[in-house]
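In: here is my input, please return the structure:
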Amino acid sequence: MTPVTAEIDFAAVLASTVHDMKNSLCMLIQSTELIQQESAQLSEPARDELARLNYEANRLNSNLLQLLSLYRLERQRLPVQVDEHYISDVVEEILLKNQFYTEQCGFTIHVEQPDQLHWFFDYDLILNLLNDAVANALRYGKNQILLQFSQQNGFLEIEIHDDGPGFPAFMLDSEKLDMNTPDLTNNHTGLGIFFAKLIARAHTNKGLQGAVELVNGSRFAGGIFRVTLP
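Out: Just a heads-up that it's a prediction; the model follows:
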């Protein structure tokens, strides 16, 4: 038997596999979206299952994108393409991505934003970051979410309020989260907040960095996911 002498770059193999998985998952998401267009013909239980399928597929797609982004960041190949974008465009896409699930499950997403607010950031990275936060709010909340955008002291401040039980204590002190020892027993790997902090910090301007903070005491007595971008 011939021994394998060449070293395998496991991270590169994993990244390639994740990329293929993501492509297949995108096709699955497209199929669920096509079925949604005919959802009026489905029974109520079938629509509930379709909404759950679409939600979980999008959440998994977001996780795979995070893994790819972390791999590229580790290899110093994660380009942050900062350009000027209107916040209303981000809001519109978030609402559209989650429309079927929120309508089917009785969620209301409130939005507060100044007219014509725009900022400089990487659209795709920030959109994925915020959509993942909204997905978590949908998962742990009851029926209300608030997306709040404002300018504070030269920063763009984004807050996502939910009406869930709030963040557990160990999540509030997320600087101490260890990605090498994820809390799998409590279904908290910390990947989402770890990714969010990396993306926020990758946005810099005049020596200032973006940041992510988790706090409790939202407008609905739940948690607040806060992002600030310089």
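In: report the contact partners of the most centrally placed residue in the chain.
Out: Centroid check for the chain by C-alpha atoms, centre = their mean gives Asp132 as the closest residue, at 1.7 Å. Asp132 sits next to 59, 62, 66, 192, 195-196 when contact means C-beta atoms under 8 Å, 6 or more residues apart in numbering. Where you see a C-beta, it was placed from the backbone N, CA and C, and this is true even at glycine.
In: what's the offset of the host helix or strand of it from the middle of its chain?
Out: For Asp132, the host element (DSSP states H and E) is helix 123-140. Between the centre of helix 123-140 and the centre of its host chain there is 3 Å, according to C-alpha atoms, centre = their mean, to the nearest Å.
In: buried residues, that helix. List them.
Out: Within helix 123-140, the residues scored as buried using 16 or more other C-beta atoms under 10 Å are 125-138.
In: likewise for stretch 47-57?
Out: 47, 50-51, 53-55, 57.
In: average pLDDT for the longest helix belonging to the chain?
Out: With secondary structure taken from DSSP state H, the chain has its longest helix at helix 44-74. Mean per-residue pLDDT for helix 44-74: 85.
In: ditto for stretch 197-204
Out: The average pLDDT within stretch 197-204 is 92.
In: now what about it, what contacts it?
Out: Here stretch 197-204 makes contact (C-beta under 8 Å, 6+ apart) with 69-70, 73, 78, 80, 82, 121-122, 125-126, 129, 174, 209-212, 227-230.
In: mind checking how far it is from the chain centre?
Out: In this view, stretch 197-204 has its centroid 14 Å away from the chain centroid, taken as C-alpha atoms, centre = their mean.
In: only C-alpha atoms, please: export it in PDB.
Out: C-alpha atoms of stretch 197-204 as PDB (Å, rounded to 0.1, in the frame of the first residue of the first chain):
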ATOM      1  CA  LYS A 197     -17.200  41.300  15.900                       C
ATOM      2  CA  LEU A 198     -14.600  40.400  13.300                       C
ATOM      3  CA  ILE A 199     -16.600  42.000  10.500                       C
ATOM      4  CA  ALA A 200     -17.400  45.100  12.600                       C
ATOM      5  CA  ARG A 201     -13.700  45.600  13.500                       C
ATOM      6  CA  ALA A 202     -12.700  45.200   9.900                       C
ATOM      7  CA  HIS A 203     -14.600  48.500   9.200                       C
ATOM      8  CA  THR A 204     -12.200  51.300  10.200                       C
END
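In: buried set for it?
Out: Quick answer for stretch 197-204 (16+ other C-beta under 10 Å): 197-200, 202-203.
In: over to stretch 95-111?
Out: Within stretch 95-111, the residues that qualify as buried are 97-98, 100-102, 104, 107, 109, counting by 16+ other C-beta under 10 Å.
In: on that earlier part again, which one of the buried residues of stretch 47-57 is nearest Asp9?
Out: Looking at the buried residues of stretch 47-57 and their distance to Asp9, the nearest is Ala57, at 28.9 Å (C-beta to C-beta).
In: OK, contacts around the closest residue in space to the closest one that isn't next to it in sequence?
Out: Spatially, and ignoring its direct neighbours in sequence, Ala57 is nearest to Ile29 (5.0 Å; C-beta to C-beta, 6 or more residues apart in numbering). For Ile29, the contacting residues are 54, 57-58, 61, by C-beta under 8 Å, 6+ apart.
In: give me the contacts around stretch 50-62.
Out: For stretch 50-62, contacts defined as C-beta under 8 Å, 6+ apart pick out 22, 25-26, 28-29, 32-33, 35-36, 39, 42, 97-98, 100-101, 104-105, 128, 131-132, 135, 138-139.
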